[in-house]
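Participant: Need a 3D model of the following:
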Amino acid sequence: MPVETLVIDPQVASWTWTDFAGLGLILHIILMVVLTLRIVSVQRNIGVAIAWIAVLFTLPIFGLIAYILVGEPMIGSRYRKRVQQARQLMNEMAQRERLVFNKGQSLLPMHYRGVSQMGTRWTGFGVFPEHQMQLLTTPHAIFQRLIADINNARRTILMEFYILYPKGQILEVIDALMAAAQRGVECHILIDSVGSFSFFNSDAHKSLEKAGVFVHQSLPVGLFKTLFQRSDLRNHRKIVVIDEHVGYIGSFNLVDPKFFKQDKEVGQWIDVAIRSVSEHEVSITTAMAKVVVTDISAESNDNLDALDKRVNSYTRKLYVRNPTINEMNSRIKVLDEIINYLDPPSMGAKSIVIPQMPVVEGVVAQLIPSAPQVTAHVIYHTLVTVIHRANHRIRITTPYFVPDEALSGALMTAAKRGVEVTLIIPEKVDSFLVQHASQAYYQDLLEAGVTIALFKGGLLHAKTVVIDDDYCLFGTVNIDMRSFYLNMEVTLAIYTPEMVAQVADCQETYLQNCRFLGLEEWQQRSNHERLFDNVVRLFSPLL
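Facilitator: Model (predicted):
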């Protein structure tokens, strides 16, 4: 049998490691140029584009992989299609029932009609009048109210949260939900897959489903899904709707701060909520119900099919006409009796007593939900607009403060033209990079005359913005690009001075437990501390 002779091409044999390195360098340069052009052509925010280019050229391999996985706000074409279909079903239902969601601007002063119309254009929700609202400022108040409303529920309970951590008082909420489902109340709860990862592997999850509660997983993640949608686009909303006329919105997750993230050494989380009641067919509560039902239906084809089949049933349930006023009044009376005996909360190392807030009648408000690739960053544009229109006061409470140039510029401009601008920020947060990115903005803000108040009583998780005496934004939105551009969020625009005053009074209590940062003190920091903050700031649009 003849033996074949291996013949090596001299041209191939002449290749050296230097040649391979040169080829690799050429491919690397081509890839960097292509990806840079992609970033420039896709990213509309210049800060985000610069940050990604910095990552790409500083850490090429990491930057390449990171951009492919999380560089663009891809929420998934199938998900977006289901959102559109669910919205269409809900809009057709509302039209059939002659329920109008997109009006009400005439109720507002002229100088707020434009900013309200911007929200209506992208969300479909206008301004709704005549709500009873109450600000709840402690975990005990929030959960005691919520449990009482769940116990009194007769038809439907809709809940949507980023985190459900089944410890402490949350077990009482879970027990109330299970009892409601077992007595025939239709209970749905939509929970973010990443934010509540531990919950979906817990006994509490199994117990809820066994009791008849419909538990939906929001934006589930997986290796295959990552190729088609970003796994870090999260559902950060916190909404509760009970029997179509009682609603909750705020910064609170379903967590008991005495048990949640105690290893982070930042103190207990401090949250707020607004409880809203309306007897009208269309209100903040029915708008919240529409958001939750749409979000649940968008999660799967089965959920969307269920909405399609049951749309008439949902019409009767979600938009009940003329609820029993006597029944509502009796509930409010009972709950007021309960709330009066609340103990002051323990927050961090000291006790902070916030006075009992009364129910405010006749509140005018607008619901503003936002989502990537759906609502065109409507909350961000709303915030920047009202900051520029402020005449006397801007007071912001946020746990995470990482603005872009336009937002920080708006705050500094307001301070320079004589507006009292105050930022209430936790002295220490649970994110190392966010802490330093935030600090990089302090120098310019202090020089412009902005007051920076560092809260010492725990991780102040409330997200509130008060403008003058007649406008407030209240909800789930942090002052960072993740909330504005990436997460599914929701906020409430409040136009009634009495309700705005409650939020301002709550902020005033926080200020009494703050350390005020001085410009001279801040300038005494070492050069390497300033340098590190400024380096982190380069990547702040991505945090």
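Participant: contacts and neighbour counts: CA atoms only from here.
Facilitator: Fine.
Participant: now the residue lying closest to Ser218 once chain neighbours are set aside: how far from Lys238?
Facilitator: In space, and not counting its chain neighbours, Ser218 is closest to Asp192: 4.5 Å by C-alpha to C-alpha, 6 or more residues apart in numbering. Separation of Asp192 from Lys238 (C-alpha to C-alpha, to the nearest Å) stands at 10 Å.
Participant: Ok, His377 next?
Facilitator: His377 is 18 Å from Lys238, by C-alpha to C-alpha.
Participant: neighbour-wise, which of these two wins?
Facilitator: Lys238 (26 against 20; other C-alpha atoms under 10 Å).
Participant: Now do that one against Cys514, distance only.
Facilitator: For Lys238, the distance to Cys514 - C-alpha to C-alpha - is 27 Å.
Participant: now swap in Phe125 and tell me
Facilitator: 37 Å.
Participant: Likewise for Ala390?
Facilitator: Where Cys514 is concerned, Ala390 sits at a distance of 24 Å (C-alpha to C-alpha).
Participant: ditto for Glu160
Facilitator: Distance from Glu160 to Cys514, by C-alpha to C-alpha: 32 Å.
Participant: Who has more neighbours out of those two?
Facilitator: Comparing Glu160 with Cys514 by other C-alpha under 10 Å, the one with more neighbours is Glu160, at 30 against 18.
Participant: Hmm, that one is touching Gly195, no?
Facilitator: No. Using C-alpha atoms under 8 Å, Glu160 makes no contact with Gly195, being 12.0 Å away.
Participant: Scan this protein for its longest strand.
Facilitator: strand 360-370 (DSSP state E).
Participant: who touches stretch 433-452?
Facilitator: 400-402, 408, 411-413, 415-416, 420-425, 428-429, 516-519, 522-523, 530, 532-534, 536-537, 540, 543 (C-alpha atoms under 8 Å, 6 or more residues apart in numbering).
Participant: So in terms of bridging, what pairs with Phe401?
Facilitator: Ile479 (DSSP bridges).
Participant: what's the distance between it and Ser431?
Facilitator: Taking C-alpha to C-alpha, one finds Phe401 at 11 Å from Ser431.
Participant: Between those two, tell me which one has more neighbours.
Facilitator: A direct count of neighbours by other C-alpha under 10 Å for Phe401 and Ser431 places Phe401 higher, at 23 against 11.
Participant: list the contacts for that one?
Facilitator: Contacts of Phe401 by C-alpha under 8 Å, 6+ apart are 425, 434, 438, 478-480.
Participant: could these be laid out in JSON lines, adding distance to Gly22 and pLDDT?
Facilitator: What follows is the contacts of Phe401, written out as JSON lines (distance: C-alpha to C-alpha, whole Å; pLDDT from 0 to 100):
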{"residue": "Ile425", "distance to Gly22": "51", "pLDDT": "96"}
{"residue": "Val434", "distance to Gly22": "39", "pLDDT": "88"}
{"residue": "Ser438", "distance to Gly22": "41", "pLDDT": "92"}
{"residue": "Asn478", "distance to Gly22": "46", "pLDDT": "95"}
{"residue": "Ile479", "distance to Gly22": "45", "pLDDT": "95"}
{"residue": "Asp480", "distance to Gly22": "42", "pLDDT": "91"}
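Participant: quick one: which of those residues is most hemmed in?
Facilitator: Going by other C-alpha under 10 Å, Ile425 tops those with 26 neighbours.
Participant: Where does that residue sit: helix, strand or coil?
Facilitator: Assigned with DSSP: H, G, I helix; E, B strand; the rest coil, Ile425 falls in the strand class.
Participant: Any idea what it is bridged to?
Facilitator: Beta-bridge partners of Ile425, as defined by DSSP bridges: Leu454.
Participant: That one: what's it in contact with?
Facilitator: 397-401, 452-455, 460.
Participant: list the buried ones in stretch 179-196?
Facilitator: 179-181, 185-196 (16 or more other C-alpha atoms under 10 Å).
Participant: closest to Thr294 among these?
Facilitator: Nearest to Thr294 among these: Leu190, at 10.9 Å, using C-alpha to C-alpha.
Participant: where in the stretch 351-500 of the chain is pLDDT low?
Facilitator: 351-352, 373-375 (pLDDT under 70).
Participant: Please, where are all the helices along it?
Facilitator: All helices of the stretch 351-500 of the chain, identified by DSSP state H, counting those that start in this stretch, fall at 378-389, 405-416, 432-439, 442-448, 481, 497-511.
Participant: Stretch 257-275: end-to-end distance?
Facilitator: End-to-end for stretch 257-275, by C-alpha to C-alpha: 20 Å.
Participant: who's in contact with Met412?
Facilitator: Here Met412 is in contact with 444-445, 448-450 (C-alpha under 8 Å, 6+ apart).
Participant: what do you get if the cut-off is 10 Å, keeping everything else the same?
Facilitator: Neighbouring residues of Met412 by C-alpha atoms under 10 Å, 6 or more residues apart in numbering: 406, 419, 421, 444-450.
Participant: Now that we have those, which of them are buried?
Facilitator: For the contacts of Met412, buried by 16+ other C-alpha under 10 Å: 419, 421, 445-446, 448-450.
Participant: and of those, the nearest to Glu281?
Facilitator: Out of the buried ones among the contacts of Met412, the member with the shortest distance to Glu281 (by C-alpha to C-alpha) is Val421, at 38.4 Å.
Participant: contacting residues around the closest one?
Facilitator: Counted by C-alpha under 10 Å, 6+ apart, Val421 has contacts 387, 390, 392-396, 411-415, 445, 448-452, 467.
Participant: for stretch 480-489, how far is the first residue from the last?
Facilitator: End-to-end for stretch 480-489, by C-alpha to C-alpha: 12 Å.
Participant: Report the buried residues of that stretch.
Facilitator: Of all the residues in stretch 480-489, those buried under the rule 16+ other C-alpha under 10 Å are 480-489.
Participant: re the thing from before, mind checking which of the buried residues of stretch 179-196 land in helices?
Facilitator: Using DSSP state H, the subset of the buried residues of stretch 179-196 located in helices is 179-181.
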